[in-house]
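**Q** just a sequence and a predicted model for now, questions to come.
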Amino acid sequence: NSKINFIAVGEIGVDLYWDTTFIEQQKEAFKYQIQLAKKYRLPIVIHCRDAFAEVFEVLESEKSEDLFGIFHCFTGAIEDAKKAIGYNLKLGIGGVVTFKNGKIDTFLNEIPLEHIVLETDAPYLAPTPYRGKRNESSYLVQVIEKLSDIYQLSVQEIAKITTQNSKDIFKI
């Protein structure tokens, strides 16, 4: 009679990159998954691809103190970042921050570091100089170094703060 413990609900969200046929079903499933997370007081990990408006629409309908988590692989604009933070979400930052056309590096310093967690999105989105290769956890060094440049803090301080942010979210 073993008890199963869960630490989060995710990845959940809306993905309109390949197909928009089932948008209403995606939003309905997303809403249900958020309600499940809130019921068990678990963080959510949001997947959003070409669907910021739809994701924020669902988040707005489910907004409460029990809603919290990570906006996985964040690639939006500053306005999207501020909105996500307003829903008690941390921004998951990975290899995209090192891309020349990634854009988030242009405004990330306006977002307090307490709202940032580090991610790999392995095996996808390897940071520069490994872009196009299979991503792996060891490449987080490039992400931390980029954040160190952006925030003008030591690599150690970035690691300390973002690690604590992750521990807080996942209650570990």
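**A** Here it is on my side, so go on.
**Q** got the contact list for Thr162?
**A** Neighbouring residues of Thr162 by Cβ atoms under 8 Å, 6 or more residues apart in numbering: 113, 116-118, 144, 147. In short, each C-beta sits where N, CA and C put it, glycine included.
**Q** out of those residues, which comes closest to Val9?
**A** For the contacts of Thr162, the closest approach to Val9 (Cβ to Cβ) belongs to Val117, at 16.1 Å.
**Q** among the contacts of Thr162, name the buried ones.
**A** 113, 116-118, 144, 147 (16 or more other Cβ atoms under 10 Å).
**Q** identify the residues contacting whatever helix or strand Val117 lives in?
**A** Assessed by DSSP states H and E, Val117 sits inside strand 116-118. Strand 116-118 is contacted from outside by 70, 90-94, 108, 140, 143-144, 147, 161-162, 165-166, 169, using Cβ under 8 Å, 6+ apart.
**Q** ok, then the element right after that strand?
**A** helix 140-151.
**Q** just the helices in the protein please.
**A** 23-39, 52-62, 78-86, 140-151, 155-170 (DSSP state H).
**Q** with distance to Val45 and mean pLDDT added, can I get those helices in CSV?
**A** CSV is the format used below for the helices of the chain (distance: least, Cβ to Cβ, whole Å; pLDDT from 0 to 100):
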stretch, distance to Val45, mean pLDDT
helix 23-39, 9, 98
helix 52-62, 12, 98
helix 78-86, 12, 98
helix 140-151, 17, 98
helix 155-170, 9, 98
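**Q** those into JSON lines, with extra columns for distance to Ile104?
**A** Formatted as JSON lines, those follow (distance: least, Cβ to Cβ, whole Å):
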{"stretch": "helix 23-39", "distance to Ile104": "23"}
{"stretch": "helix 52-62", "distance to Ile104": "13"}
{"stretch": "helix 78-86", "distance to Ile104": "8"}
{"stretch": "helix 140-151", "distance to Ile104": "9"}
{"stretch": "helix 155-170", "distance to Ile104": "15"}
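**Q** what's the per-residue pLDDT of the residue nearest the centre of the chain here?
**A** The chain has His72 as the residue nearest its centroid, 2.3 Å off, counting by Cα atoms, centre = their mean. Reading off the confidence values, His72 has pLDDT 98.
**Q** gap between it and Ala8?
**A** His72 sits 10 Å away from Ala8, going by Cβ to Cβ, to the nearest Å.
**Q** shared neighbours, these two?
**A** Going by Cβ under 8 Å, 6+ apart, residues that sit against His72 and also against Ala8 are Val45.
**Q** so what are the domain limits for this protein?
**A** 1-67, 77-172 (automatic domain parsing).
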